[in-house]
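In: Below are the sequence and a predicted model; questions follow.
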Amino acid sequence: MKRVANLCFALLLLTVTTGCWNLKEPNQLSFVKGAGLGLTEDGKLEVSYLVVLPAALGGGQISGGENMETFRVMSATGKNVSDAMVNVQSKLSRKVFSGHRDIFLVGQRLAEHGMGETIDPFLRIPKSVMRSMIYVVKNGQPKDIFSIVPFFDQFITTSLSDEQKAMGLKPYLARKFVEDVLSEGKQPLVPVVGLNPSEHYSYAGSAIFNKDEDVKLVGFLNKKETSYARWITGGLTRITLTSHVPKGDGSISVTLDSLDQNIRVKKIHEQMQIAVHLTGKGTIIENTTKLDPTKQKDLQLIQEKLNQKNQKLILELIKNVQEEYKMDIFGFGEQVHQQYPHQWKTLKQNWPELFSQLDVSVKVDLQFTNLGQTNTSIYP
Amino acid sequence: MKLSGIQVVWIIVTTVIIAIIGLKITPVIQIAKQDAWLSMLVGGVVSVPLTLLVAHLSILHPNQTFTQFSQTLLGKWLGRIIVLPNLIAWYILPAIVLRSFGDFIHLIILDQTPIWIIMLLLIVVMTYLTYSSGITGIGRFCVLVGPIIIFTLLVSFLLNIRNTEWHHLLPIYSDTGWATILKGSLSPAVWFAGPFILLVIVSFMENPKKAISKSMLGVGITVFMLFTSTLMVLLVFGPDLAAKLRFSFFVSIKTIDILDFIQNIDISIVFIWIFGVTAQLSLYSFIASYETAQWLKVKDWRKIIWFSAPVIFIIAISIPNETTITLFDKFWTSVVFPICGIGIPFLLWTITVIKRKSVKL
């Protein structure tokens, strides 16, 4: 009898201790796939959400659901991030759920104004996701990008999270951005998307930030420059290079994978020197020259030409960044930190200044391991 | 009530791992930055003599718990006075554990539930486990959940390998130096040794001679798991970001994302955390009740649970905020542990050795 009583008591406990008052059914939640922060023209902070409309996401059955909208963009302004979030919530009857947030967008105006204060709330809230990717929206606001009707996917956020991989870049996550902001010897380099004239988005390189001054956007790199910069920091998986070869009277294109980089710091007369060594192996995908890559001599000529050309371009990029922006987006400071930790303690105080005067040399070593299916150009 | 050797191993592992993973990784990273993993190893080494001391002291007095043998050594009154600090510590510690865990669950999952309900539920489970079977039940519970905890942690490490970046650990040593590494190791070191629980539980062992080898094994497993967990947190976030995250290990599990399919497995960590906290609470409340009974010379220690459980609950509720817990942690490392974990046991150990020698002469 006592056993039965105990069992009943245990069952009773089960019913009251399930935590059901904390339960939110999926139909009480509004799932957010993407969140954006921007600054309106009159200087107010604006939060935008890409909210999923689950009713339109049928299981692929023919139910006439084709014309239904699958998402809606909601935005509102506020005094700070949380205030704006609350204001968006007030326009939605279901509680915002950010557990599926893939994309985090920052409007250009906010980025230029400085986004230091806006980073905290995104880390502090327990439901914030550490897996989101971050983009800067060039010449626009996050809601402009969210409003795009994509052609491959149901939501633009899915396209955006595949975009970097498709461009041969390792995904740049929001947590990586925070990590760069908190680091000592590296400046954030954030991917950029822009609206194109056909009302769709296009990847447009990346944005240079100054973490020491309120995380302010200071300049842009184009697609090519971004690839080079990411190659140096180890964030590149694939790149296609084209070069004119005067000797062969034509041009050659190669796609490189298995890219590698090695940054050596040398100390000469109390001056730090950086030696960047980039390597890559790849396939020839286009050859309009008279040269025949199957011949050792011609192949060497082509490799030499491409090495030289890219060496020059990368060095130009580094010089340009050093002089124009003075932002160490290549993480050279981090390399000095790792290779000369004792010197770094004194160097880090005025690293931005030192970086701009840093002596950098670049060496590119390319190998074409796969020559493609043809030897000389098909149509000489 | 008897404990086997393997139960002692798992009691140490289960009750200590969760406490350090939950609350100690971030503070260590704040001090020792990318060398926090070295701090964990150094802490492990430091904890060995501390564990040896309490284990050996208990072996010298077979079948007697701390309160009992201090009374046989020092007499009825002095013996009672000297154990008071430990007794008080054994009441406050579970309260702190209870409150931190309540806060954590409140923050992460049950944000609409009052903290006292979360804590009350844990107190009920704790009282049930302690009352129904005492230390044997706690030992069995730990043998059951200890391996689950280790397994879950190991799987989480494997799943998180994709997110790791080796350069986060560089440069090793030169940024911090041995003084900072040692400073960072102090807080985990006193935890690895366990809050001097061996003073009590060794007396329940079937074979007390094995106490030293078993406790060393337990501490060894714990140190290894903590070393790997700290390494994973550092490899995923780097020292700068990890130092900003309150529950850095928990958040590092949140980063797991395999093929957009295996995500949000942080809930498994909440599971093992509940297991660990239940074991911890039950063990400390058992020790507190049993030792209070010995102190008051009450024959049935189970009656004391009806006193100790409410006391723990009330202390936990009356903690005003997070700052108090942080302050207590500093107080624990700098005052409580040196007195209760080193000072008093060492004093008793010296007296025991001197007395034995004089008897032999």
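Out: Sure thing, it's come through.

In: Could you use CA atoms for every contact and neighbour count after this?
Out: Will do.

In: Closest approach to chain B from chain A, which residue is it?
Out: Among the residues of chain A, A:Gln338 lies closest to chain B, at 4.6 Å counting by CA to the nearest CA.

In: Which strands and helices lie in contact with the strand or helix carrying that residue?
Out: With elements taken from DSSP states H and E, the one containing A:Gln338 is helix A:332-339. Helix A:332-339 sits against strand A:250-268, helix A:341-347, helix A:351-356, with contacts defined as 3 or more CA pairs under 8 Å, 6 or more residues apart in numbering or on different chains; DSSP states H and E.

In: packing partners for the last one?
Out: Looking back up the chat, that one is helix A:351-356. Helix A:351-356 sits against helix A:332-339, with contacts defined as 3+ CA pairs under 8 Å, 6+ apart.

In: Contacts for the helix it packs on, please.
Out: Here helix A:332-339 makes contact (CA atoms under 8 Å, 6 or more residues apart in numbering or on different chains) with A:184-186, A:263-265, A:274, A:343-344, A:348, A:351, A:355, B:170-171.

In: let's see it at 6 Å
Out: Helix A:332-339 is contacted from outside by A:Gly185, A:Trp344, B:Leu170, B:Pro171, using CA atoms under 6 Å, 6 or more residues apart in numbering or on different chains.

In: Please save the CA atoms from that helix in PDB.
Out: In PDB, the C-alpha atoms belonging to helix A:332-339 read as follows (Å, rounded to 0.1, in the frame of the first residue of the first chain):
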ATOM      1  CA  PHE A 332      51.000  40.100 -39.100                       C
ATOM      2  CA  GLY A 333      50.900  41.400 -35.500                       C
ATOM      3  CA  GLU A 334      49.600  38.000 -34.500                       C
ATOM      4  CA  GLN A 335      52.500  36.400 -36.200                       C
ATOM      5  CA  VAL A 336      55.000  38.700 -34.500                       C
ATOM      6  CA  HIS A 337      53.200  37.900 -31.200                       C
ATOM      7  CA  GLN A 338      53.600  34.100 -31.800                       C
ATOM      8  CA  GLN A 339      57.200  34.200 -33.100                       C
END
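
In: How about the residues of chain A by chain B?
Out: Chain A comes close to chain B at residues A:Asn22, A:Met130, A:Arg131, A:Glu179, A:Leu182, A:Gln338, as judged by CA under 6 Å from any CA of the partner chain.

In: Not including adjacent chain positions, what is the nearest residue to the fourth one?
Out: Going back to what we said before, that points to A:Glu179. B:Leu241 (5.5 Å; CA to CA, 6 or more residues apart in numbering or on different chains).

In: wait, is A:Val73 part of a helix?
Out: No - according to DSSP: H, G, I helix; E, B strand; the rest coil, A:Val73 belongs to no helix; its state is strand.

In: As a check, name the ranges of all helices in the stretch 101-250 of chain B.
Out: B:115-160, B:177-192, B:198-201, B:211-242, B:248-254 (DSSP state H, counting those that start in this stretch).

In: Which strands and helices lie in contact with the fourth one?
Out: If I follow you right, that is helix B:211-242. Other helices and strands packing on helix B:211-242, by 3 or more CA pairs under 6 Å, 6 or more residues apart in numbering or on different chains; DSSP states H and E, are helix B:5-23, helix B:36-60.

In: can you tell which of these is closest to chain A?
Out: Set against chain A and scored by CA to the nearest CA, those come closest in helix B:5-23, at 15.2 Å.

In: quick one: contacts of the closest one?
Out: For helix B:5-23, contacts defined as CA under 6 Å, 6+ apart pick out B:Gly139, B:Cys142, B:Val143, B:Gly146, B:Lys214, B:Ser215, B:Gly218, B:Thr222, B:Gly276, B:Ala279, B:Gln280.

In: next one: stretch A:29-38
Out: Outside of stretch A:29-38, the residues within contact range by CA under 6 Å, 6+ apart are A:45-52, A:94-98, A:100-107, A:110, A:141-142.

In: Can you select the buried ones among those residues for me in PyMOL?
Out: In PyMOL, a selection of the buried entries from the contacts of stretch A:29-38 looks like this (16 or more other CA atoms under 10 Å in any protein chain shown):
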select buried, chain A and resi 45+46+47+48+49+50+51+52+96+97+98+100+101+102+103+104+105+106+107+110+141+142
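
In: Mind checking which of the contacts of stretch A:29-38 are in helices?
Out: Using DSSP state H, A:Leu110, A:Pro142 are the members of the contacts of stretch A:29-38 that sit in helices.

In: Restricted to strands, list the contacts of stretch A:29-38.
Out: In this view, the contacts of stretch A:29-38 that belong to strands under DSSP state E are A:45-52, A:95-97, A:103-107.
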